[in-house]
Each structure stands twice: as structure tokens, then as C-alpha cells.
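Asker: sharing a sequence plus its predicted fold:
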Amino acid sequence: MSSEATAARIHHPWSREALLLKAQRYANEMVSYPRDDWRFGLTSTFVLEFVARAAMANIHPALLADIKDWNNVYFALGHTPTAPKYLPRSVNTATLLARLRDVLPAFTPELEGFAAQHINRRNEELHAGTTPFDGLTTTWLASFYLTCQVLLEEMGQSLEMLVGTDEAKLAQQMIAASRDQSAKVVARSIAAHKTVWESKGAEEKIRLQHQSAVWATRQEGHRVNCPSCGSAALVVGAPVSPPIRKLDGDLIVETQDYLPARFECVACQLKITGLSQLTACGLGTIYKSTSNYDAAAYYAQQDDYRGYEEDNNEP
């Protein structure tokens, strides 16, 4: 075999290709165990992390670098640092997940939270005397496969590539069932809060609705009508697109799209968290936030000498 052919098969350690191959390797090991076996759960955490790192490398491997040392960025760019005793260091998992949340709209705070919780189980397994995967029910599996699916789709890949056709079909069934369960849970919560609301007197309802309207006006978020009591309420989310700025007279008008993450109504105390449940009750659509700024103040240059003491040398 020629040296050129051998080199063509060698990938950078932080490349998408290398990390996906590593994820496949652990996925093959994972599915060899029963799903309630502790080894299935433990191995799945390695799969999840390698898929997450591959998704970040798909944007650019430099985003995996621990920026405390610039040599890590240099390494990620494909160079060989000359620093003595240098060992490449990538970001920790928490930072990785936060970066993915900020750059991939489909990787919602809900999925970030699951990924962090699941990988923390591995940390507990490796660094403590406890055994978090023993007796762990498989209720986490749907979230695991959904998280992997979202990250894989960002790379143009599928669950079949990762775990094979049969396991991927089962995963899709679990994801669909989980979504149905989310819809049932949020429907019950809305109905329960509505029952309590309808039991209140007319004067109390008016007072609470007024209080809710004032609160919704003063807080940041997207104003909506509560599905339980009809009062003014808020949906809050995270930005999923760069801000668009336009000049309108003396104002800078800035608009930005947001993906909902949670809902709150202070009138009936209904709270809904997570995109899946928000979508199930019609509150999961992307909304637009608009802010206005004075153009003169917006473009005013910062004082480079701010913090210097005043010059009192004038006669």
C-alpha cells in the first residue's frame, strides 16, 4: 500500500470523521448489551460525547480547543505545536454542550440538560464508589436517541449510521412515544390549572389578570395568552439567528428569532418547561424579538481614556 493511500485514511484526532468513527465503535459495543445492563448505559455516555464533539468539529475543530492555551487552537487548525511537553487539550463537556446550544438551534436547552445529566452519571461511575447505572430504568433512552439524532442530522448523518437499521427503527418508536407522553403530561397540567382557575371568584380573577398583564409587560420574553386561564403570560427562549439591524429615522431597530424554552403565567401559576411540551400545547413556535436603540448612542465610540484621572493642569 502506498504512503499516500495510508495518509488519506488518517484523520486529525479532533476531526468530525475521527470522532464519528469513535462514536460508531462505542455504539457497536453499546448495542451488544441488554438495554437494562449497566454497561449499555455507561457505554452510551461515550457515544453521546463523541457524537457531540463530532457535531462541533463539523463546524470547525478549533471550536473544540481549550482556549487557555493558544497551542490548542494551533493544533486544532492542523499544525504541530513546538511547545515543550505539549499535550492537546480540548474543552470540557459542560463547555462543549453550552457551545453546541449556542450555535445549533435544534440543540435546545432541554437536550443540553439531558446530555449534561447523562454524562454526569458517567463521571459519577468513574470517580465515585456509587453505581448510577445499576437499576437505572430505560426511560432515558428516548432522550438519548433524540439528542444523538439532532446532532447527527446537523452533520447530514442518521441514527442508522450510528447504531444500525434495527436499533434505529426502535429508537424512532421510542422518540415518537416520548413525544406523545409529553403531550399527555402538558395536557393534564393545563387541565388541572384550568380547574383551579375556574374555581376562583370573578374579582380575584380580574385582580390576577391585571397583575399578570403588568408582569408580562415588564419582563423580557414573548407575550402570549395562557392556555389555562387566558391571561397575559410569557414564553422565554434562546436566540437561533444573528440579529438583523435596520436604521429607522433616529432609531436602530434590531430583530432576532428565538426558540422557546419555557412558559410562565403568574395568574394561574402554570409553568411549562422544554420545547417538546411547549410544542405539544402550541407554544413551541419560533418568535421574533424586537429592540429599539437610539442611533447616536448605539454608534457612539467608547472613551478610550475612561478610568483615567482628570487632567487638572490647566492654569
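Answerer: Perfect, thanks for sending it.
Asker: mind checking the SS state of residue 102?
Answerer: Under the three-state scheme (DSSP: H, G, I helix; E, B strand; the rest coil), residue 102 adopts helix.
Asker: mind listing what it touches?
Answerer: Going by C-beta atoms under 8 Å, 6 or more residues apart in numbering, residue 102 touches residue 238. Backbone N, C-alpha and C define where each C-beta goes, glycine included.
Asker: how far away is it from residue 144?
Answerer: 22 Å (C-beta to C-beta, to the nearest Å).
Asker: check residue 234 too.
Answerer: 31 Å.
Asker: could I get the phi/psi values of residue 282?
Answerer: Main-chain dihedrals, residue 282, degrees, to the nearest 10: phi 80, psi 10.
Asker: could you do the one 10 residues further on as well?
Answerer: Reported as degrees, to the nearest 10, the phi and psi values for residue 292 are phi -120, psi 140.
Asker: how about residue 248?
Answerer: Per degrees, to the nearest 10, the backbone of residue 248 is at phi -130, psi 90.
Asker: for it, name its beta-bridge partners.
Answerer: Beta-bridge pairing of residue 248 under DSSP bridges involves residue 251.
Asker: what about it, how many residues close to it?
Answerer: 9 (other C-beta atoms under 10 Å).
Asker: low-confidence regions, this protein specifically.
Answerer: When residues are selected by pLDDT under 70, those of the chain lie in 1-10, 300-315.
Asker: mind listing the strands for it?
Answerer: 222-225, 232-239, 244-248, 251-264, 271-273, 287-294 (DSSP state E).
Asker: which parts of this structure are helices?
Answerer: Applying DSSP state H to the chain gives helices spanning 3-8, 16-30, 38-59, 70-76, 93-103, 109-127, 141-154, 159-163, 165-198, 202-218, 275-280, 295-299.
Asker: can you redo the strands of the chain as a markdown table with distance to residue 160?
Answerer: Compiled in a markdown table, the strands of the chain are given as follows (distance: least, C-beta to C-beta, whole Å):
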| stretch | distance to residue 160 |
| --- | --- |
| strand 222-225 | 37 |
| strand 232-239 | 30 |
| strand 244-248 | 37 |
| strand 251-264 | 27 |
| strand 271-273 | 31 |
| strand 287-294 | 34 |
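Asker: out of the ones you listed, nearest to residue 129?
Answerer: strand 271-273 (32.6 Å; C-beta to C-beta).
Asker: same for that closest one, what does it pack against?
Answerer: strand 251-264 (3 or more C-beta pairs under 8 Å, 6 or more residues apart in numbering; DSSP states H and E).
Asker: ok, the residue nearest to residue 142 when sequence neighbours are not counted to residue 261 distance?
Answerer: Using C-beta to C-beta, 6 or more residues apart in numbering and skipping the chain neighbours, the partner closest in space to residue 142 is residue 178 (3.6 Å). Remark: distance between residue 178 and residue 261 (C-beta to C-beta) = 18 Å.
Asker: just residue 39 next, same as before
Answerer: From residue 39 to residue 261 the distance is 34 Å (C-beta to C-beta).
Asker: higher neighbour count, those two?
Answerer: Using other C-beta under 10 Å, the more surrounded residue of residue 39 and residue 261 is residue 261, with 18 against 13.
Asker: ok, residue 227 - contacts?
Answerer: 190, 270, 281-283.
Asker: most neighbours out of those residues, which is it?
Answerer: With neighbours defined as other C-beta under 10 Å, the most crowded of the contacts of residue 227 is residue 270; it has 24 neighbours.
Asker: wait, that residue sits on residue 226?
Answerer: Yes. Taking C-beta atoms under 8 Å as the definition, residue 270 is a contact partner of residue 226 at 6.1 Å.
Asker: pull up the overlap in contacts between the two.
Answerer: Joint contacts of residue 270 and residue 226 (C-beta under 8 Å, 6+ apart) are residue 233.
Asker: burial count for the nearest residue to residue 290 once chain neighbours are set aside?
Answerer: Using C-beta to C-beta, 6+ apart and skipping the chain neighbours, the partner closest in space to residue 290 is residue 255 (5.1 Å). If you count neighbours by other C-beta under 10 Å, residue 255 ends up with 13.
Asker: likewise for the one 3 residues further on?
Answerer: The burial metric for residue 258, expressed as a neighbour count using other C-beta under 10 Å, is 19.
Asker: now do the contacts for it.
Answerer: Counting by C-beta under 8 Å, 6+ apart, residue 258 touches 222, 237-240, 286-289.
Asker: how about a cut-off of 10 Å?
Answerer: 105, 221-222, 235-241, 286-289 (C-beta atoms under 10 Å, 6 or more residues apart in numbering).
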